[in-house]
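Enquirer: Here is my input, please return the structure:
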Amino acid sequence: MTVFHLLRHGEPAVFGRLNGRLPGVGLSEKGRAEAAAQAARLAGENIEAIYASPMQRTRETAEILAERLGLPIHHREDVIEIDYGEWTGLTFDDIRQDERWLMWSRSRGIAAIPGGESWRQVQERIVGALFDLQRAHPEGNVVIVSHGDVIKAALLFALGMPPDFYSRIEIAFAALSTIRLDDAGIRVSALNEWPRLPPP
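Expert: Sure thing, here's the model as predicted:
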């Protein structure tokens, strides 16, 4: 059985816009503390591999884990952030003025981002990554550092839920969700575990 710990990156330093695949978006100080807390949480899980999206905020999150766990980082394009196409870098107020955003928000199963990806494309690549890594680590514990909606796509698949239910799942910054995958099937054993930060 392969155990996948799906970790969203920590809080980014840039807020108020759709960062998407914009380069140069790293972690805030709080985001680094969140990643450190989850690294401590995962230290007892016998992790054998760390995979990460190549975006800066996921790289920085993975680097904090790698230092604590003593493991290298393997970057994978199939766990990267959604391609938000024409909406990349826009403020959320601006995006909400686009009537196509309403379709994307309400009908993920059939909608596509203008100039970007459809939800089905996102789900196909993250689920493909899970099955590929299950073959590479058939009895291992693996961390995948990715992005909120990408992790939601994996969880919806594991739970057998339609894409339009994406808003029923919350994935906070630096939250851990756990999926178990073997020949008998796929199961979700943890969902949206927030980092336990030390008191200020």
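Enquirer: which helix of the chain spans the most residues?
Expert: helix 119-136 (DSSP state H).
Enquirer: quick check, distance from the next helix-or-strand element following it to the centre of its chain.
Expert: Remark: after helix 119-136, the chain's next helix or strand is strand 141-146, criterion DSSP states H and E. Here strand 141-146 shows a centroid-to-chain-centroid distance of 9 Å under the convention CA atoms, centre = their mean, to the nearest Å.
Enquirer: okay, stretch 180-187 in PDB with CA atoms only?
Expert: Extracted C-alpha coordinates of stretch 180-187, given in PDB (Å, rounded to 0.1, in the frame of the first residue of the first chain):
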ATOM      1  CA  ARG A 180      -4.000   5.300   0.700                       C
ATOM      2  CA  LEU A 181      -3.700   3.500  -2.600                       C
ATOM      3  CA  ASP A 182      -3.200  -0.300  -3.300                       C
ATOM      4  CA  ASP A 183      -4.600  -3.000  -5.500                       C
ATOM      5  CA  ALA A 184      -7.800  -3.100  -3.400                       C
ATOM      6  CA  GLY A 185      -8.600   0.500  -4.200                       C
ATOM      7  CA  ILE A 186      -8.200   4.000  -3.000                       C
ATOM      8  CA  ARG A 187      -9.200   5.500   0.400                       C
END
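Enquirer: Quick one: residues in contact with that stretch.
Expert: 1-4, 130-131, 134, 138, 157-158, 179, 188-189 (CB atoms under 8 Å, 6 or more residues apart in numbering). For glycine as for every other residue, the C-beta is placed from the backbone atoms N, C-alpha and C.
Enquirer: Of those residues, grab the buried ones for PyMOL.
Expert: The buried subset of these, as determined by 16 or more other CB atoms under 10 Å, is captured in PyMOL by this line:
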select buried, resi 2+3+4+130+134+157+158+179+188
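Enquirer: Please tell me how far Ala36 sits from Glu63.
Expert: Separation of Ala36 from Glu63 (CB to CB, to the nearest Å): 11 Å.
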